[in-house]
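**Q** Provide a 3D model corresponding to the input given below.
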Amino acid sequence: MAQKKMAIIATKGALDMAYPPLILSSTAAALGWEVQVFFTFYGLQLLRKDLSGIHISPLANPAMPMPVPMPVVVQMLPGMEAMATSMMKAKMKKKGVASLHELRTLCLEADVKFIACQMTVDLFEFSKDDFIDGIDFGGAATFLQFAGETDVCLFI
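**A** This next block holds a predicted model:
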């Protein structure tokens, strides 16, 4: 039986959207699947050396559970994003959820191939030195060659 393959396109750099591609890819790799994740636009934030800029916003995130209901005007106030990020990180730590850094490292150790979109790197004028070691840089054609042969292809 052929090895299963999964391709993921990661487009978001917010804390709540950072977890799905890393959890799914590390799980698939643990199951013996060949996995590639294509990080484009804001998803590139997940490949940067410094993950401290990854936040979660309660604004326009109506499904986010809050300790008390908050009107939108309160969610817009300065400091709410930092507070929501701090609360979410504390909750994850309390529940034993791996950090983004830990999940990213786990993926790389499990041979998940991370591809940084070269067009987006150029667009935002990033340097390759901004990113972690062990990743590839390529365009959509590079990723699509693999994605076209996969059993599972996800857009996150």
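
**Q** ok, for Cys153, nearest residue in space, not its chain neighbours?
**A** Nearest residue to Cys153, sequence neighbours excluded (CB to CB, 6 or more residues apart in numbering): Ala7, at 4.6 Å. Yep, even glycine has a C-beta here, placed from its N, CA and C like the rest.

**Q** doesn't the one you found fall inside a strand?
**A** Yes. Counting by DSSP: H, G, I helix; E, B strand; the rest coil, one finds Ala7 located in a strand.

**Q** from what I can see it touches Ala140, true?
**A** No. Counting by CB atoms under 8 Å, Ala7 sits too far from Ala140 to count as a contact (11.7 Å).

**Q** Now do the shared contacts for these two.
**A** Phe38 (CB atoms under 8 Å, 6 or more residues apart in numbering).

**Q** Those two: which has the busier surroundings?
**A** Ala7 (24 against 15; other CB atoms under 10 Å).

**Q** contacting residues around that one?
**A** Ala7 touches 35-38, 143, 146-147, 150, 152-154, counting by CB under 8 Å, 6+ apart.

**Q** Return the member of these nearest to Ser127.
**A** Phe38 (19.7 Å; CB to CB).

**Q** Provide the backbone phi and psi angles at the closest one.
**A** phi -100, psi 110 (degrees, to the nearest 10).

**Q** What score does it have for pLDDT?
**A** pLDDT, Phe38: 98.

**Q** ok, it touching Thr120?
**A** No. In this structure Phe38 lies outside contact range of Thr120 using CB under 8 Å: 10.1 Å.

**Q** Of those two, give the one with the bigger neighbour count.
**A** Phe38 (26 against 17).

**Q** before we move on, back to that, tell me how far the residue nearest to Cys153 lies from Leu108.
**A** 17 Å (CB to CB, to the nearest Å).

**Q** cool, and Leu47?
**A** On the measure of CB to CB, Leu47 and Leu108 end up 10 Å apart.
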